[in-house]
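J.: Got a sequence here, can you build the structure:
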Amino acid sequence: MKIRYKSTRSTIALVLIIATVFGFAVNLYKIQIRDNEYYTKQNNTVDTYIVPIEAARGEIVDRNGNSLVTNRQGNSIILNAVYFPSAQNNKERNKIIYNLITLFEANDEEYAQNLPLELDRNGNIRFKTEGENIEQDITTMKSADMLNLQPYATAQNCYDAVVEKYEIEGYDKTLTLKIANIRYELTRLLFSYENPVTIADDVSDETVAKIKEDKSTYLGADVEVVAYREYADSTIAPHILGTVRKINAEEYKNKKDDGYNITDQIGESGIEQAMESELKGTPGELTITVDKDGNITEEVTKKPIQGNTVVLTIDRDLQILAQNKLKEVCDKVDSLGSAGAVVVEDCNSGEILAAASYPTFDLNDYYDKYDELSKNPRNPLWSRFALGTYAPGSTFKPITACAALEEGVINSSTTHLCVGQQEFFGQPFKCLHGNAHGTENVTLALKDSCNMFFYNVALDTGIDKIDEYASSFGLGQKTGIEIAESSGILSSPDNKENAGGIWRIGDTMTTAIGLSDNLFTPLQLANYCATLANGGTRYEVHLVKSIIQTSSGIVNEKSKTVADTLDLSQSTLDTVYQGMRMVATSGGPSFIFDQLDTNVACKTGTSEVKVNGVDRNNGFMITYAPYERPEIVVSSAIELAGSGSETAEITSEIIDYWYQNNTDAKLNQSVGSLL
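T.: Numbers count the residues shown, from 1 in each chain. Below you'll find the predicted structure:
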């Protein structure tokens with residue numbers, strides 16, 4: 001029994017040994033023969049890095065496909081950490097950067113200058129004072145991620161910290177700051193193998209050639225072909241198109257999970273900002289491998305995809321006309337002080353066909369001349385059609401008429417006597433220019449812009465009803481347009497009291513003629529006029545007509561959206577339309593509109609402003625055309641114009657262009673004509 005036990009144990013041990021040896025043999029076969037190529041590759045590869053390839057932004061075109069914003073190819077100079085000396089070799093890094101700076105300056109290239117330090121005229125270090133976000137830039141520089149200094153650190157403290165951090169020695173102050181700017185840029189933009197950093201944009205072919213020819217002098221520097229924003233005409237619709245810029249640190253933190261890189265560009269304003277998700281392309285990928293011998297290979301493993309094309313509702317030629325005519329009229333009113341805006345809207349869809357603001361600016365000058373533009377007292381960067389708010393004056397009166405007619409306070413035959421001046425509650429109120437209009441019904445009161453008629457109507461209608469209708473017309477609220485806009489203010493007891501004031505009966509009367517606290521944008525006035533012209537349907541205003549998908553070519557049309565509907569009777573509409581038609585045929589602007597082939601209806605308005613202690617007027621006009629079957633509206637505001645009639649010249653040329661030269665325009669059709 002004992003001998004047999006030992007024999008069994010030996011057999012088991014032998015089997016285990018044979019199994020183990022067999023297992024090793026199988027694994028050795030897999031490694032040495034079957035999977036030899038795989039394991040050889042794994043053994044040779046030290047590191048693999050994925051570098052994003054920037055994708056071009058999508059294009060922006062007008063409603064007819066005319067290019068407004070496109071891209072052009074250019075060269076930028078990047079530093080690539082795979083080839084650049086390591087962070088432990090500061091002196092070698094500084095030497096290469098010095099070589100690059102020397103090349104850039106010899107070829108008059110601009111390069112990274114984002115360190116918010118500079119020399120004053122006495123050669124002392126100080127903080128920069130100019131720049132769009134200079135205070136934030138200084139705070140960022142002192143932060144723990146950058147120089148790790150206290151908030152109270154001086155400019156000299158920051159300079160000393162930079163010199164110490166990057167070991168910038170042996171250079172004068174001027175050159176030290178130049179080198180420090182690029183070293184700071186590498187830190188600020190998280191320079192790494194996966195994240196090359198651009199140090200010079202849009203450089204010349206001469207600079208490109210020098211860097212490609214002399215790799216040792218410019219070790220780690222490389223040329224990257226990138227897409228730069230280009231404009232068919234950089235003066236067309238700058239407030240609509242908007243600008244792009246490099247993403248900032250806070251935006252990067254919020255958007256890095258959405259595929260953004262710290263070096264990406266992002267829409268800053270206008271359509272560029274509003275349609276960022278569509279315009280931004282899909283980045284590609286460059287895979288870089290470094291083997292154990294230091295050999296580097298690069299392969300594009302994912303191609304970038306350009307962003308989608310955004311088709312706008314505006315008509316390029318109409319936009320140019322509106323801009324040029326607006327400038328001409330403003331300069332005629334007061335070449336040093338006048339400003340204004342004009343908006344053209346399709347009243348049956350809410351599409352903006354043109355929107356101009358004056359003074360304006362050139363998109364190509366935006367960054368180079370930003371400080372000059374931002375300090376200009378005439379505010380050329382300010383979009384007056386969307387952000388400028390004005391007391392609209394008598395252009396508000398059709399709303400008061402609608403409220404009174406719909407609520408049964410008046411009918412088309414109701415009259416009030418205007419003697420030019422009248423006391424209400426012990427206070428004197430004047431009619432327009434003190435004129436005595438005599439007996440006026442609502443259509444005559446609209447034509448003559450009779451304040452006395454509307455003062456009396458306002459007292460009978462009440463502020464609540466006037467505000468109810470004004471709100472339904474969209475006044476005192478945003479229009480829904482994609483770009484930044486103001487809400488404006490609708491004069492009301494609540495708004496007055498919230499501002500610390502007391503509502504008085506006189507406020508009801510002045511609200512009814514477009515004064516008191518009323519402040520509206522030209523965009524709101526256009527949409528209110530469109531709502532009135534189409535019979536009571538208020539559409540959300542929009543600038544985007546469609547999106548064309550780059551990857552598939554599919555066109556996604558933007559549908560019109562109804563924001564509100566006013567149930568206005570046809571008798572109310574006919575009465576108000578008649579009054580507005582009379583303004584165009586026998587009112588102030590009739591001498592201009594009589595020359596048009598297209599019939600129009602309009603309402604003018606003025607509001608008083610003080611300029612250097614002198615009383616002046618702003619002029620306004622809302623117009624729709626054709627009168628018989630409204631299709632477009634024009635809203636204009638001219639600062640310091642003596643009257644709203646002074647804006648008729650702009651409106652007339654816009655309507656003439658639209659109905660004589662534009663294929664979108666429908667032929668005029670007279671009332672009662674056969675289809």
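
J.: Skipping adjacent residues, who's closest to the residue most central in space within the chain in space?
T.: Residue closest to the average C-alpha location in the chain (CA atoms, centre = their mean): residue 270, at 1.4 Å. Excluding the flanking residues, the one nearest residue 270 by CB to CB, 6 or more residues apart in numbering is residue 242, at 1.9 Å. Where you see a C-beta, it was placed from the backbone N, CA and C, and this is true even at glycine.

J.: what's the spacing between the one you found and residue 581?
T.: The gap separating residue 242 from residue 581 is 38 Å, by CB to CB, to the nearest Å.

J.: Pick out whichever of those two has more residues nearby.
T.: Between residue 242 and residue 581, counted using other CB atoms under 10 Å, the more crowded position is residue 242 (24 against 21).

J.: ok, now which ones touch the more buried one?
T.: Listed by CB atoms under 8 Å, 6 or more residues apart in numbering, the contact set of residue 242 reads 267-274, 483.

J.: didn't the residue nearest to the centre of the chain look like it was pressed against residue 279?
T.: No: Residue 270 sits out of contact with residue 279 when judged by CB atoms under 8 Å, with a separation of 11.1 Å.

J.: What segments of the stretch 101-250 of the chain are helices?
T.: 134-142, 155-166, 173-188, 205-213, 238-241, 249-255 (DSSP state H, counting those that start in this stretch).

J.: and of the ones you listed, who's closest to residue 571?
T.: helix 238-241 (38.9 Å; CB to CB).

J.: average pLDDT across the closest one?
T.: Taken as a whole, helix 238-241 carries a mean pLDDT of 98.

J.: Now find how far off-centre it is within its chain.
T.: Centroid separation for helix 238-241 versus its chain: 7 Å, with CA atoms, centre = their mean, to the nearest Å.

J.: Residues touching that helix, excluding its own?
T.: Contacts of helix 238-241 (CB under 8 Å, 6+ apart): 60, 68-69, 231, 270-272, 312, 314, 355, 357, 360-363, 366, 383, 385-386, 483, 543.

J.: lowest average confidence, helix or strand, in this protein?
T.: Ranked by mean pLDDT, DSSP states H and E, the weakest helix or strand in the chain is helix 36-44, scoring a mean of 52.

J.: what's the next secondary structure element after that helix?
T.: Using DSSP states H and E, the next helix or strand after helix 36-44 towards the C-terminus is strand 45-53.

J.: Just checking, which helix or strand succeeds that next one along the chain?
T.: Counting by DSSP H and E, the next helix or strand C-terminal to strand 45-53 is strand 60-61.

J.: Specify the angle between the helix or strand just after that following strand and helix 205-213 in degrees.
T.: Using DSSP H and E, the next helix or strand after strand 60-61 towards the C-terminus is strand 67-79. Angle between the axes of strand 67-79 and helix 205-213 is 40 degrees (criterion: axes from the mean of the first three to the mean of the last three CA atoms, to 10 degrees).

J.: OK, contacts around residue 403?
T.: Contacts of residue 403 by CB under 8 Å, 6+ apart are 409, 461, 465-466, 468-470.

J.: Can you add neighbour count and secondary structure and give these back as TSV?
T.: Formatted as TSV, the contacts of residue 403 follow (neighbours: other CB atoms under 10 Å; DSSP: H, G, I helix; E, B strand; the rest coil):
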residue	neighbour count	secondary structure
409	18	coil
461	24	helix
465	17	helix
466	26	helix
468	14	helix
469	21	helix
470	27	helix
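
J.: So for stretch 303-313, mean pLDDT?
T.: 95.

J.: Now do residue 593 against residue 587, distance only.
T.: Taking CB to CB, one finds residue 593 at 9 Å from residue 587.

J.: And residue 399, by the same measure?
T.: Taking CB to CB, one finds residue 399 at 18 Å from residue 587.

J.: So which of the helices of the stretch 101-250 of the chain is the most surrounded?
T.: helix 238-241 (a mean of 26; mean count of other CB atoms under 10 Å).

J.: Report how many residues lie close to residue 564.
T.: 15.

J.: hang on, it in a strand?
T.: Yes: assigned with DSSP: H, G, I helix; E, B strand; the rest coil, residue 564 falls within a strand.

J.: So it is in contact with residue 472, correct?
T.: Yes: with contacts counted by CB under 8 Å, residue 564 reaches residue 472, the gap being 5.4 Å.

J.: Find residues that contact each of the two.
T.: In contact with both residue 564 and residue 472: residue 538, using CB under 8 Å, 6+ apart.

J.: Overlap of the contact sets of residue 593 and residue 587?
T.: residue 602.

J.: quick one: contacts for the closest residue to residue 123 other than its chain neighbours?
T.: For residue 123, ignoring the flanking residues on the chain, the nearest one in space by CB to CB, 6+ apart is residue 173 at 6.5 Å. Neighbouring residues of residue 173 by CB under 8 Å, 6+ apart: 119, 123, 125.

J.: Would you list the buried entries among those?
T.: residue 125 (16 or more other CB atoms under 10 Å).

J.: What count of nearby residues applies to residue 128?
T.: Using other CB under 10 Å, residue 128 has 15 neighbouring residues.

J.: doesn't residue 114 make contact with it?
T.: No: counting by CB under 8 Å, residue 114 is not a contact partner of residue 128; they are 9.7 Å apart.

J.: What residues does the residue nearest to residue 428 when sequence neighbours are not counted make contact with?
T.: Once flanking residues are discounted, residue 428 sits nearest to residue 421: 6.0 Å by CB to CB, 6+ apart. If you count contacts by CB under 8 Å, 6+ apart, residue 421 has them with 428-431, 434.

J.: and residue 421, what are its phi and psi?
T.: For residue 421, the backbone dihedrals (degrees, to the nearest 10) come out as phi -150, psi 140.

J.: Tell me what residue 265 is bridged to.
T.: Taking DSSP bridges as the rule, residue 265 bridges to residue 246.

J.: wait, what's in contact with it?
T.: 57, 244-247.

J.: Tell me the spacing between residue 411 and residue 277.
T.: For residue 411, the distance to residue 277 equals 52 Å [CB to CB].

J.: if you count what's nearby, which of these two comes out ahead?
T.: residue 411 (13 against 10).

J.: correct me, but that one touches residue 401?
T.: No: counting by CB under 8 Å, residue 411 sits too far from residue 401 to count as a contact (11.2 Å).

J.: what are the ranges of the strands in the stretch 401-550 of the chain?
T.: In the stretch 401-550 of the chain, the strands defined using DSSP state E, counting those that start in this stretch lie at 416-418, 421-424, 427-430, 438-440, 537-539, 544-548.

J.: any residues touching the longest one, and which ones?
T.: Among residues not part of strand 544-548, those counted as contacts by CB under 8 Å, 6+ apart are 63, 271, 274-275, 278, 308-313, 351, 482, 554-558.

J.: Just the ones of the residues you listed in helices?
T.: Using DSSP state H, the members of the contacts of strand 544-548 that fall in helices are 271, 274, 278.

J.: Next up, the contacts around the first one.
T.: Contacts here follow CB under 8 Å, 6+ apart; on that basis residue 271 touches 60, 240-242, 310, 312, 482-483, 543-544.

J.: please redo it, this time with the cut-off set to 7 Å
T.: 60, 240-242, 310, 312, 482-483, 543 (CB atoms under 7 Å, 6 or more residues apart in numbering).

J.: if I look at residue 482, how far off is residue 488?
T.: For residue 482, the distance to residue 488 equals 18 Å [CB to CB].

J.: Look at the two and report which has more neighbours.
T.: Just comparing residue 482 and residue 488: by other CB under 10 Å the higher neighbour count belongs to residue 488, 23 against 20.
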